[in-house]
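1. need coordinates for the following:
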Amino acid sequence: MITVKKDNIVEDYHGTKVSDPYRWLEDPTSSDSIEWSNWMGEKCHTYFSGLETKEADRKRLEELWNFPKYFVPKKVKGKLYYQKNDGLQNQAVLFRNEGDKDVVVLDPNTFSEDGTVAMTNYSFSKDGRFLAYATSTHGSDWQEIQVHDLSTGENLKDHIQHVKFTSITWAPDSTGFFYSRFPEPGSVAPEDESNYHKVFFHKLGNPQEADELIHEQPEDKELMFSSFISDDEKYICLYVYLGTATENRFYYRPIDSSEKFTRLLDKADAEYLYVTNQDNLFYFKTDLHTPNGKIIAVDISNPEPTNWKEVIPEQEDVMDFVIAIHDKLVIGLLHHAHHQLKIYRLDGTYSHDIELPILGSLTDITKSKDDNEIYFGVTSFLSPTVIYNYNLDVEKLRVVAESEIPFNTSDYETNQIFYTSKDGTKVPMFLTHRKGMELDRENPVILYGYGGFNINMTPAFSPALLRWLEKGGIYAVANLRGGTEYGEEWHRAGMLENKQNVFDDFISAGEWLIENNYTRKEKLSIMGGSNGGLLVAACMVQRPDLFGAVLCRVPVIDMLRYHKFTIGRYWIPEYGSADNPDQFPYLYAYSPLHNIQDGVKYPPVLIATAESDDRVVPAHAKKFAATLMEKADPNSTIVLRLEAKAGHGLGKPTSKLIDEWVDFYAFLDNELGK
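-> Model prediction:
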């Protein structure tokens, strides 16, 4: 036991005095912070060391994880490249298919002994000779780019640093690539290290210091840029973003020009995603005045909005993505949170559907213009990703790769139900469980949600969840407001001043499961990560009587200071800022850190974070744990799991994923079984 320090810090937010006694935990390098973290680590170790289910869970999880996992391939100059994980490999390996054999191109498992260096992005040169790839160490958002010569199998000396959230865009002549980066650490004030984003061109063979500056906007230091080349290879284009706001801008210039970019769409009044272009006619998917999305054509020589042409109008279902291939448009629609594929002609006329074999999600989609074909993956809660090829000339769908898993999924089922939230809104929820399960209120449940940043919670497969199902559990996923399952209106109904709707949706999902005899509150656990960690923490604090256990992963907790850490300011368009007197009241009203009540017996909570998380810093989780331990009923169970050599989840190796789920299940078995 240690004596836990408390600061006397009190801040005045627009007339409201708010104390922050554990601000010292924001500095992970201070002696007090290190001592406290070590103490919490010992408490965590003590908690798990006495649990008897861990060994059986680990053995079974390793069995369930041990099957081939395929990723959507990409055809480059007639050669097919794809990633595959044999089973328990820490990282997926990049292969090239050469007819009767597959050749290893890059094996990220060789990048580090423990698998904590991951390949997070890769891009092929236009001539098919080079591969530029990005790596992340210990889950950090910061990445490095290297270049691999596919003809020799060797890496070049090229090495790009100080990048995150960047595209890698090869020039049409394959002499180099465009990328975006932040200032070198130490070259600007610490608070500006995630500002002043710039676009550069890296010519192969040159040191990074010689890279050509392509675009910057220092007068708008918070903007970020993502580059790509137009389909006809005549233009270099930029998406321009302010944090995570849905609305973006679009700039372009001729590829052979050194002039300034033309700011074609510069109002940030909607989302504009490039689809393709035919000379001066640019096609975009946009949600301008159409929350479910539409496709428009803009003549860049005559770009006034009055001259825009609507090619495909808004549909009843959400237009999730569009890709163009020759004179066809492949459109992915979201119908009640699962995907459908439709083919249109470029003039906007409907052609036909691509019938998907299961009710599920598309994991990715790539195109090969040379062969007029697409590759995509389809997955569901009970099916790992199956890779398909579809040829648009012959309209034929074929399986390219699928896995056999060590689990009989025919004994289980997924159903979609609709429940009513607090304000009368109908919300969908997926329920996956054993067929013929009795509704006797004794079934343990993991209720999962996210609800933010216009991210869809469509069906997704995880080997870990198979273990939960065979243990008799139910896995429930609620499609909360804040996502874009039903378009931008659904997103806006769960952001900024409407954020409480998300918590109400989630609480109502739990109540529905209890009222319909799927479970009882003692058997109901909730799980969420990142923004979903905020979700479960807020719901736990608002309704401590409703849940039997909480898995709170890499959470955003301190809603008054979140924007002061690393890239937290990017989320201001979604959450708002406590610095704004109009936004402070609703942030303060739901901020989990500031709504913990004295003497309340909160449900058992496992707060999982990671030392290298530079997206949602561990201080959120630490301050939450410290405040709960101070204020909650002494009989409340509070476990802080602080993971080494890990970040927000980017590229997490298989071994660490299994370790994590072993602890999650040990915690749930222990707490829900009481």
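2. tell me which stretches of this protein form helices.
-> Using DSSP state H, the helices found in the chain span residues 31-49, 54-65, 463-470, 488-492, 500-515, 531-542, 572-575, 584-590, 619-631, 654-672.
3. so which of those is the most surrounded?
-> helix 531-542 (a mean of 26; mean count of other CB atoms under 10 Å). Yep, even glycine has a C-beta here, placed from its N, CA and C like the rest.
4. how distant is that one from the center of its chain?
-> How far helix 531-542 lies from its chain's middle: 18 Å, per CA atoms, centre = their mean, to the nearest Å.
5. how about stretch 307-318?
-> On CA atoms, centre = their mean, the centre of stretch 307-318 falls 27 Å from that of its chain.
6. just the C-alpha atoms of it, please, in CSV.
-> What follows is the C-alpha trace of stretch 307-318 in CSV, where atoms were taken according to Å, rounded to 0.1, in the frame of the first residue of the first chain:
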residue,chain,number,x,y,z
ASN,A,307,-23.1,23.7,-62.7
TRP,A,308,-22.8,20.5,-60.6
LYS,A,309,-24.6,17.5,-62.0
GLU,A,310,-26.2,14.9,-59.8
VAL,A,311,-25.2,11.5,-61.2
ILE,A,312,-26.7,9.1,-58.6
PRO,A,313,-29.2,10.6,-56.2
GLU,A,314,-29.5,9.8,-52.5
GLN,A,315,-30.7,6.3,-51.7
GLU,A,316,-32.8,5.0,-48.9
ASP,A,317,-29.7,3.2,-47.6
VAL,A,318,-26.4,4.8,-46.8
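7. what's it in contact with?
-> 283, 290-299, 319, 329, 331, 333-335, 340, 344, 346-348, 484-487 (CB atoms under 8 Å, 6 or more residues apart in numbering).
8. got JSON lines for the helices of the chain, with distance to residue 178 and mean pLDDT too?
-> Shown next, in JSON lines, are the helices of the chain (distance: least, CB to CB, whole Å; pLDDT from 0 to 100):
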{"stretch": "helix 31-49", "distance to residue 178": "40", "mean pLDDT": "95"}
{"stretch": "helix 54-65", "distance to residue 178": "37", "mean pLDDT": "96"}
{"stretch": "helix 463-470", "distance to residue 178": "37", "mean pLDDT": "97"}
{"stretch": "helix 488-492", "distance to residue 178": "29", "mean pLDDT": "97"}
{"stretch": "helix 500-515", "distance to residue 178": "37", "mean pLDDT": "98"}
{"stretch": "helix 531-542", "distance to residue 178": "30", "mean pLDDT": "98"}
{"stretch": "helix 572-575", "distance to residue 178": "26", "mean pLDDT": "97"}
{"stretch": "helix 584-590", "distance to residue 178": "37", "mean pLDDT": "98"}
{"stretch": "helix 619-631", "distance to residue 178": "34", "mean pLDDT": "97"}
{"stretch": "helix 654-672", "distance to residue 178": "33", "mean pLDDT": "96"}
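9. surely residue 396 touches residue 390?
-> Yes. Taking contacts as CB atoms under 8 Å, residue 396 lies within contact range of residue 390: 7.1 Å.
10. more crowded one of the two?
-> More crowded of residue 396 and residue 390, by other CB atoms under 10 Å: residue 390, with 19 against 10.
11. pretty sure that one sits against residue 354.
-> Yes. Contact criterion CB under 8 Å: residue 390 and residue 354 qualify, at 5.9 Å.
12. joint contacts of the two?
-> residue 397.
13. which non-adjacent residue is nearest the most centrally placed residue in the chain?
-> When CA atoms, centre = their mean is applied to the chain, the residue found nearest the centroid is residue 455 (7.6 Å). Nearest residue to residue 455, sequence neighbours excluded (CB to CB, 6 or more residues apart in numbering): residue 483, at 5.5 Å.
14. go on, residue 601?
-> Leaving aside its sequence neighbours, residue 601 is closest to residue 633 (3.8 Å, by CB to CB, 6+ apart).
15. wait, what's in contact with that neighbour?
-> 599-602.
16. so of these, which two are at opposite extremes in space?
-> 599 and 602 (10.4 Å; CB to CB).
17. give me the more crowded residue out of these two.
-> Neighbours per residue, other CB under 10 Å: of residue 599 and residue 602, the larger number sits with residue 602, 21 against 9.
18. tell me the phi and psi of the more buried one?
-> phi -80, psi 150 (degrees, to the nearest 10).
19. so how far does stretch 597-613 reach from one end to the other?
-> Stretch 597-613 has an end-to-end distance of 28 Å (CA to CA, to the nearest Å).
20. return the distance of that stretch from the chain's centre.
-> That offset, for stretch 597-613, works out to 22 Å (CA atoms, centre = their mean).
21. also stretch 21-30?
-> The answer for stretch 21-30 is 28 Å, by CA atoms, centre = their mean.
22. contacts for that stretch?
-> Under CB under 8 Å, 6+ apart, the answer for stretch 21-30 is 5-9, 32-34, 36-37, 561, 565, 611, 617-619, 622-623, 626-627, 630.
23. can you redo the helices of the chain as CSV with distance to residue 87?
-> Output for the helices of the chain, formatted as CSV (distance: least, CB to CB, whole Å):
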stretch, distance to residue 87
helix 31-49, 26
helix 54-65, 7
helix 463-470, 10
helix 488-492, 37
helix 500-515, 34
helix 531-542, 28
helix 572-575, 37
helix 584-590, 42
helix 619-631, 31
helix 654-672, 8
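24. closest to residue 76 out of those?
-> Short answer: helix 654-672, nearest of these by CB to CB, at 27.3 Å.
25. which residues of the protein score low on pLDDT?
-> 674 (pLDDT under 70).
26. can you do 50?
-> Within the chain, no stretch has pLDDT under 50.
27. counting neighbours, what do you get for residue 498?
-> 14.
28. so how far is residue 478 from it?
-> Using CB to CB, to the nearest Å, residue 498 is found at 17 Å from residue 478.
29. residue 62 now?
-> Distance from residue 62 to residue 478, by CB to CB: 30 Å.
30. residues contacting residue 352?
-> 342-343, 395.
31. switch the cut-off to 10 Å
-> 341-344, 392, 395 (CB atoms under 10 Å, 6 or more residues apart in numbering).
32. tell me the one of the residues you listed nearest residue 130?
-> Looking across the contacts of residue 352 and measuring by CB to CB, the closest to residue 130 is residue 392, at 28.6 Å.
33. one step back: which one of the contacts of residue 633 is nearest residue 138?
-> residue 602 (31.1 Å).
34. give me the number of residues near residue 195?
-> The burial count for residue 195: 17, using other CB under 10 Å.
35. now swap in residue 101 and tell me
-> Neighbours of residue 101 (other CB under 10 Å): 8.
36. distance of it from residue 95?
-> 10 Å.
37. same check on residue 117?
-> Relative to residue 95, and taking CB to CB, residue 117 is found at 19 Å.
38. CA atoms only: put stretch 99-118 into CSV for me.
-> In CSV, the C-alpha atoms belonging to stretch 99-118 read as follows (Å, rounded to 0.1, in the frame of the first residue of the first chain):
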residue,chain,number,x,y,z
GLY,A,99,1.2,-19.1,-60.4
ASP,A,100,1.9,-22.4,-58.7
LYS,A,101,3.7,-20.9,-55.7
ASP,A,102,3.6,-18.0,-53.3
VAL,A,103,6.7,-16.0,-52.6
VAL,A,104,7.3,-14.0,-49.4
VAL,A,105,7.8,-10.3,-50.2
LEU,A,106,8.0,-8.9,-46.6
ASP,A,107,7.7,-10.7,-43.3
PRO,A,108,7.1,-8.2,-40.5
ASN,A,109,7.7,-11.0,-38.0
THR,A,110,11.4,-10.5,-38.7
PHE,A,111,11.2,-6.8,-37.8
SER,A,112,11.4,-7.5,-34.1
GLU,A,113,11.8,-10.5,-31.8
ASP,A,114,8.5,-10.0,-30.0
GLY,A,115,6.4,-9.0,-33.0
THR,A,116,5.7,-5.5,-31.7
VAL,A,117,6.9,-3.8,-34.9
ALA,A,118,4.1,-3.9,-37.4
